[in-house]
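Colleague: sequence unavailable; structure follows:
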């Protein structure tokens, strides 16, 4: 069997399945690389990564993840983006639901890969005690948590504004009337995330992505951090 025939036979014929698989893989990559950036900063006590480096790392992760998925699935990588596509674009409801499921699943797998990659360092750092808060807490590697100063209303405002801003800028970048070359869109999205992380990380870590938040948070529940991860 030659390579061309093998590629034709191995190709997923169902277009929706291709899109879902692409969203899953790109989201997994985004979260794996992004959380690995977080892990280096937390586990080295900011000796390896500073906050600006952390922001740039997440921006680069998004750049490459968008580059992977944009030609196939549109590179939503975020249920909030898929929701906006359903509300304001010609995106079917069932596709929004399926995209959200695979995005959360990809984020879960990305968190699991980060945990396996840094398992030895996590164990050394926390002594095997999986903590959400405190000087040896490692749950923050995987999910964002509100600062002690933040009220419930403040948290709602923070996350709503950050997520809305992200979706709004993505809409501008991908708008056909803006005439931004498709090849430039991944880099612009990466720069956007870098800027948002640098500006809005203080209150609650700027998740701005339900999949990035829930998938890794659910993983930490199963990894032994307990129900405190949802408090």
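Modeller: Perfect, thanks for sending it. What you see is a predicted model, and the numbers here were worked out from it, not measured in a lab.
Colleague: which is the next helix or strand following the helix or strand of the chain with the lowest mean pLDDT?
Modeller: For the chain, using mean pLDDT, DSSP states H and E, the weakest element among its helices and strands is helix 3-10, scoring a mean of 58. Downstream of helix 3-10, the first helix or strand assigned by DSSP states H and E is helix 15-43.
Colleague: just checking, what packs against that following helix?
Modeller: On a contact count with 3 or more C-beta pairs under 8 Å, 6 or more residues apart in numbering; DSSP states H and E, helix 15-43 meets helix 51-69, helix 93-117, helix 119-126, helix 210-220. (Each C-beta comes from the backbone N, C-alpha and C, glycine too.)
Colleague: if you count neighbours, what's buried in the first one?
Modeller: This means helix 51-69. 54-63, 65-69 (16 or more other C-beta atoms under 10 Å).
Colleague: nearest to residue 133, of these?
Modeller: residue 54 (19.9 Å; C-beta to C-beta).
Colleague: just to check, that closest one is in contact with residue 39?
Modeller: No - under the criterion of C-beta atoms under 8 Å, residue 54 makes no contact with residue 39, lying 10.5 Å away.
Colleague: dump the helices and strands packed on helix 15-43 to TSV, plus distance to residue 196 and mean pLDDT.
Modeller: Shown next, in TSV, are those (distance: least, C-beta to C-beta, whole Å; pLDDT from 0 to 100):
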stretch	distance to residue 196	mean pLDDT
helix 51-69	8	94
helix 93-117	18	97
helix 119-126	27	94
helix 210-220	13	96
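Colleague: how about a markdown table for those, with distance to residue 161 added?
Modeller: A markdown table is the format used below for the helices and strands packed on helix 15-43 (distance: least, C-beta to C-beta, whole Å):
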| stretch | distance to residue 161 |
| --- | --- |
| helix 51-69 | 17 |
| helix 93-117 | 21 |
| helix 119-126 | 32 |
| helix 210-220 | 15 |
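Colleague: between the ones you listed, which one is nearest to residue 192?
Modeller: helix 51-69 (7.8 Å).
Colleague: run through who's touching the closest one.
Modeller: By C-beta atoms under 8 Å, 6 or more residues apart in numbering, the surrounding residues in contact with helix 51-69 are 22-23, 25-27, 29-30, 33-34, 37-38, 41, 49, 75-77, 185-187, 189-195, 197-198, 201.
Colleague: just the buried members of the residues you listed?
Modeller: With burial judged by 16+ other C-beta under 10 Å, the buried subset of the contacts of helix 51-69 is 22-23, 25-27, 29-30, 33-34, 37-38, 41, 49, 75-77, 185-187, 189-194, 197, 201.
Colleague: residue contacts, residue 33?
Modeller: 57, 60-61, 64-65.
Colleague: again, only using 6 Å
Modeller: residue 61 (C-beta atoms under 6 Å, 6 or more residues apart in numbering).
Colleague: same deal with residue 104?
Modeller: In this structure, residue 104 makes contact with 211, 214-215, judged by C-beta under 6 Å, 6+ apart.
Colleague: identify, from those, the entry nearest to residue 151.
Modeller: residue 214 (22.0 Å).
Colleague: now do that closest one: how many residues are near it, please.
Modeller: Neighbours of residue 214 under the rule other C-beta atoms under 10 Å: 19.
Colleague: not counting sequence-adjacent ones, nearest residue to it?
Modeller: residue 104 (5.7 Å; C-beta to C-beta, 6 or more residues apart in numbering).
Colleague: I'd say residue 20 and residue 100 touch.
Modeller: No - if you go by C-beta atoms under 6 Å, residue 20 and residue 100 don't touch, sitting 10.6 Å apart.
Colleague: state the distance from residue 129 to residue 230.
Modeller: Between residue 129 and residue 230 the computed distance is 19 Å (C-beta to C-beta, to the nearest Å).
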